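1. Sequence first, then the predicted structure:
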Amino acid sequence: MSTSSQPLTIADEGARLRRLTRILFAIVWVIPSGLAALQLTVVGDASGTHYGIGTSLLWQGSAWMLWGLWSQLLLTLIDRVKLDTARALPWLSVHIGMTVVISAANVLAIAWLDHVFGAVGQVTSYAFALRVVLVNHLDIQVVLYWAVLGVAYMVEFVRRYRERDRAAAELEQKLARTQLEALRMQLNPHFLFNALNSVAELMEMDVKEAQRTLIRVSDLLRLSLRSAGQSLIPVWQEIELVELYLQIARVRYGSGLEVDIDVDPNAVDLMVPSFLLQPLVENALKHGLAPGHPDQSIAVRLARVGGSLEIVVEDNGKGLDGLLTTSGRFLAAVPSVDGLGIGLTNTRSRLAMLYGDRYAFRMSNQSSGGCRVDIKLPIEN
């Protein structure tokens, strides 16, 4: 039985990066070990003595791999002794003390290794080997300590930056979902109540039509619940919701309302923000058209043009009283105005959250009368 993998949380990613860091800091010392062993084998030591590859690897590998252990201690110190400007002196004291301890331990260990493996190189006593190592290697041990510490902190800062970056991205997604929910709540007071009032009026004239309208209202709620929690849905699903919305709207606006929905076959499976079209259609009905008037129309068109999805919603109503609004990068020449309602305001805010400056939103009056909304969204693979 296969189980779906759960997405990694911020804490999971942080723990995974910590484990990877410890593994890398443990094994990276193989590189200088191999180089030092190769040097002893090919070039020899200061006396010109050459050593076998096995002896060289054991000797130099033991000396360098000590830092594989010390680096684990440094990573633990980084977790427990935080670098804070308010506590800089305790932090500095800890690492100066550890520098002394680790450098001394390494000098003693390297001197012992040189005494044992370098006997053929005329290293006659441990005291002599210790003096040689103090002269030749003590400064290197100090530099290595602070170099390892610096690299470890660099990795830690990268990890923290990634955590903050992902936390900010998740917060932004939560904000977008919150505004999406606000749009869904917007649907309830101004449309469902009107629909129920229309049903109540129909009960006096046409009970069967009232029942059909109630079923459509129920279907609309079902569709809205189906897309709950989804920031993006396919175009066909959004069109399905708008068509059902308009079927219910015809009860109030009458048979004089004509609707034309034209969707490019290449666009039906593209992803769009859920409840993107419904507020636009609702705005056309509420602000442009009037219930019961003949020869009223709404046209909705969606087409894939290059790397963008172009959406047009237009009506032949009274228009916007000369008001224009634009947001996004593509159509930024016309100034933005307020007073367009919560639904459209939230729609533009959601587009900004989802696409940054890569979308376009424009409302304008048509010369023949009515309002036109143009939206341009990037197609993301």
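-> Everything's here; your move.
2. Ala299 looks like it's in a helix, true?
-> No - remark: Ala299 does not belong to a helix; assigned using DSSP: H, G, I helix; E, B strand; the rest coil, it is strand.
3. so what pLDDT did it get?
-> Ala299 carries a pLDDT value of 92.
4. Neighbours of the nearest residue to it once chain neighbours are set aside, how many?
-> Closest residue to Ala299 apart from its sequence neighbours, by Cβ to Cβ, 6 or more residues apart in numbering: Asp260 at 4.5 Å. The C-beta positions use only the backbone N, C-alpha and C, and glycine is treated the same way. Close neighbours of Asp260, defined as other Cβ atoms under 10 Å, add up to 10.
5. next structured bit after the helix or strand Asp260 falls within?
-> Here Asp260 sits within strand 257-263, counting by DSSP states H and E. Remark: after strand 257-263, the chain's next helix or strand is strand 271-273, criterion DSSP H and E.
6. so for that next one, what's the average pLDDT?
-> For strand 271-273, mean pLDDT rounds to 90.
7. How far does that strand sit from its chain's centre?
-> How far strand 271-273 lies from its chain's middle: 17 Å, per Cα atoms, centre = their mean, to the nearest Å.
8. what sits up against that strand?
-> By Cβ atoms under 8 Å, 6 or more residues apart in numbering, the residues outside strand 271-273 that reach it are 180, 231-235, 238, 309, 311, 347, 350-351, 354, 377, 380.
9. run the last query once more with 6 Å
-> Outside strand 271-273, the residues within contact range by Cβ atoms under 6 Å, 6 or more residues apart in numbering are 232, 235, 238, 350, 354.
10. chain center to the next helix or strand after that strand: distance?
-> From strand 271-273 onward toward the C-terminus, using DSSP H and E, the following helix or strand is helix 277-283. Distance of helix 277-283 from the chain centroid (Cα atoms, centre = their mean) equals 29 Å.
11. Check the offset of the strand holding Asp260 from the chain's centre.
-> The answer for strand 257-263 is 37 Å, by Cα atoms, centre = their mean.
12. got it, and stretch 238-255?
-> Taking mean C-alpha positions (Cα atoms, centre = their mean), stretch 238-255 and its chain are 36 Å apart.
13. Use 442 as the first number from now on
-> Yep, numbering from 442; the last one is stretch 679-696 now.
14. Just the buried residues of stretch 573-588, please?
-> Residues 573-574, 578, 582, 585-586 are the ones in stretch 573-588 that count as buried (16 or more other Cβ atoms under 10 Å).
15. Those residues in helices, which ones?
-> Of the buried residues of stretch 573-588, the ones assigned to helices by DSSP state H are 573-574, 578, 582, 585-586.
16. Take the residues you listed and lay them out in CSV including distance to His728.
-> Shown next, in CSV, are those (distance: Cβ to Cβ, whole Å):
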residue, distance to His728
Val573, 90
Val574, 86
His578, 81
Gln582, 77
Leu585, 72
Tyr586, 71
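17. which of these sit farthest apart?
-> Val573 and Tyr586 (20.5 Å; Cβ to Cβ).
18. After the helix or strand containing Asn638, which helix or strand is next?
-> Using DSSP H and E, Asn638 sits within helix 634-646. Where DSSP H and E defines the elements, the next helix or strand beyond helix 634-646 is helix 648-667.
19. Now do that following helix: which elements does it pack against?
-> Applying 3 or more Cβ pairs under 6 Å, 6 or more residues apart in numbering; DSSP states H and E, we find helix 648-667 packed against helix 634-646, helix 676-694.
20. Name the residues that touch the shortest one?
-> To tie it back to what came earlier, the one meant is helix 634-646. Under the criterion Cβ under 6 Å, 6+ apart, residues 650-651, 654-655, 658, 689, 692-693 lie in contact with helix 634-646.
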